[in-house]
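**Student:** Prediction below, plus the sequence it came from.
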Amino acid sequence: MQLVINTYGAFIQKNGDCFRVKVEDKVMDISANKISSIIISTAATITTDVIKHALEHNIDIVFLDDFGDPYGRVWHPKLGSTTLIRRKQLEISDKEEGLKLALSWINNKFQNQIDLLKKLRETRPQRSAEITRYMEKLKSIQAKLNTLCGTIDNCRNYLLSIEGEGGRVYFECISALMPEKYKFEGRSRNPAKDQFNALLNYAYGILYSKVEKACIVAGLDPYVGIIHTDHYNKQSFVFDLIENYRIWADTVVINMIAGRKVKDEFFEPSGVGIKLNKDGKAALISELNSFLDEKIRYKGRNVKREYVIQLDCHAIANSLIGAKDEF
């Protein structure tokens, strides 16, 4: 489970083998053996004993900004695996294998979007023809990926343009299916211009932290990207890999809106846009964690959905060094 701290002024200290959390007049002890991550999204106090205890139990401490993006992480200084993995990761971007890997991720993203629209079509028979048209557009755009060959450097811009074109079609369809008050004009990032994007941005931010952790555990370098070029202090590989899992955030947000679990009081102004407040973050984190905690069938095993990220990262790392994928 994740220990999420989103109440201003919370205090966390070590108590035996537990983390003791004090929030206003409430005190709660949680065993370190039950926690996978500590997420702090507000001003809080944490002792050095807590940090040491977390590191000893391979628990990362992640700090999120107002929009859900991780701006800091406390993690033990050991590499997740052999440095050979990182060297091979650097080499692959100049080879055909790098493009193949990138195409597999973007193909997967397109297929996830098409599959989600298919599920939405099943529950909205009156919109079946409209949704089908959007699905066909996405399939047509996805087919353009088959024309790419060579190395990623030769076709990165075209690949990103295909991805962007597909994203515009996909989100246009999602907006059309939303209740009137949740319709939106395309993707807007931080700050979001509407409630849908405020929810989605925060959910993506949480996924970023999970993908980064999975990369570190598997021995992959979060900063060495394939699709996204290297930028100063940008986790390019995380931006690459998360394309496989964005659909989970999309699904949770859509389900929350469809299930009338989103309230107007979940949001507050932020500059020229809006953002989630404490209650909104708590509601979204609860829904997302429940979704990620569900078991699904993956590669012949029943695993929690969140663990799929770790399985994929290990598979990538093993493929880079020619090792057998034990997963």
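**Tutor:** On my side now, so go ahead.

**Student:** Residues touching stretch 255-264, excluding its own?
**Tutor:** Surrounding stretch 255-264, the residues in contact under the criterion Cβ atoms under 8 Å, 6 or more residues apart in numbering are 178-179, 182, 195-196, 199, 279-280, 283-284, 287. Bear in mind the C-beta positions are built from the backbone N, C-alpha and C, glycine included.

**Student:** Using TSV, lay out those together with distance to residue 248, neighbour count and pLDDT.
**Tutor:** As requested, these are exported to TSV (distance: Cβ to Cβ, whole Å; neighbours: other Cβ atoms under 10 Å; pLDDT from 0 to 100):
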residue	distance to residue 248	neighbour count	pLDDT
178	18	17	96
179	22	10	95
182	19	19	96
195	19	22	97
196	16	23	97
199	13	29	97
279	22	14	93
280	18	23	95
283	16	17	95
284	12	25	95
287	11	20	96
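
**Student:** Show me which pair in those residues is furthest apart.
**Tutor:** 178 and 279 (21.2 Å; Cβ to Cβ).

**Student:** so who does the nearest residue to residue 242 once chain neighbours are set aside touch?
**Tutor:** With Cβ to Cβ, 6 or more residues apart in numbering as the criterion, residue 242 has its nearest non-adjacent residue at 5.0 Å, and that residue is residue 211. Residue 211 makes contacts with 238, 241-242, 245, 309, as judged by Cβ under 8 Å, 6+ apart.

**Student:** any idea how far the helix or strand containing residue 252 is from the chain center?
**Tutor:** For residue 252, the enclosing helix or strand under DSSP states H and E is helix 246-258. How far helix 246-258 lies from its chain's middle: 12 Å, per Cα atoms, centre = their mean, to the nearest Å.

**Student:** Which phi and psi values does residue 236 adopt?
**Tutor:** Geometry field for residue 236 lists phi and psi as phi -60, psi -40, criterion degrees, to the nearest 10.

**Student:** Let's verify the closest residue in space to it that isn't next to it in sequence: helix, strand, or coil?
**Tutor:** Here the nearest residue to residue 236 in space, its sequence neighbours aside, is residue 225; by Cβ to Cβ, 6+ apart that works out to 2.5 Å. Three-state secondary structure (criterion: DSSP: H, G, I helix; E, B strand; the rest coil) places residue 225 in coil.

**Student:** For the residue positioned nearest the centre of the chain, pull up the helix or strand it's in.
**Tutor:** Within the chain, one residue has its C-alpha closest to the average C-alpha position: by Cα atoms, centre = their mean, that is residue 207, at 2.2 Å. Assigning secondary structure by DSSP H and E places residue 207 in helix 195-218.

**Student:** same thing with residue 161?
**Tutor:** With DSSP H and E as the criterion, residue 161 is inside helix 152-177.

**Student:** Would you mark the buried spots in that helix?
**Tutor:** Residues of helix 152-177 classed as buried by neighbour count (16 or more other Cβ atoms under 10 Å): 152, 155-156, 159, 162-163, 166-167, 169-171, 173-175, 177.

**Student:** List the beta-bridge partners for the residue nearest to residue 30 when sequence neighbours are not counted.
**Tutor:** In space, not counting the residues next to it along the chain, residue 30 is nearest to residue 19; the distance is 5.2 Å by Cβ to Cβ, 6+ apart. Residue 19 has these beta-bridge partners by DSSP bridges: residue 14, residue 30.

**Student:** And the strands in the stretch 51-200 of the chain?
**Tutor:** With strands called from DSSP state E, counting those that start in this stretch, the stretch 51-200 of the chain shows them at 60-64, 70-74.

**Student:** got the angle between the last one and helix 195-218?
**Tutor:** Angular relation of strand 70-74 and helix 195-218 on a 0 to 180 degree scale: 30 degrees, by axes from the mean of the first three to the mean of the last three Cα atoms, to 10 degrees.

**Student:** quick one, strand 70-74 and strand 60-64 angle?
**Tutor:** Going by the same axes, to 10 degrees, strand 70-74 makes 160 degrees with strand 60-64.

**Student:** what about the nearest residue to residue 75 once chain neighbours are set aside, neighbour count?
**Tutor:** In space, residue 75 comes closest to residue 60 once its chain neighbours are excluded; the distance is 4.8 Å by Cβ to Cβ, 6+ apart. For residue 60, the number of neighbouring residues by other Cβ atoms under 10 Å comes to 21.

**Student:** next one: residue 98
**Tutor:** 18.

**Student:** do the same with the one 10 residues further on
**Tutor:** The local packing of residue 108 (other Cβ under 10 Å) involves 15 other residues.

**Student:** correct me, but it touches residue 245?
**Tutor:** No. Applying Cβ atoms under 8 Å as the test, residue 108 and residue 245 come out as separate, 9.4 Å apart.
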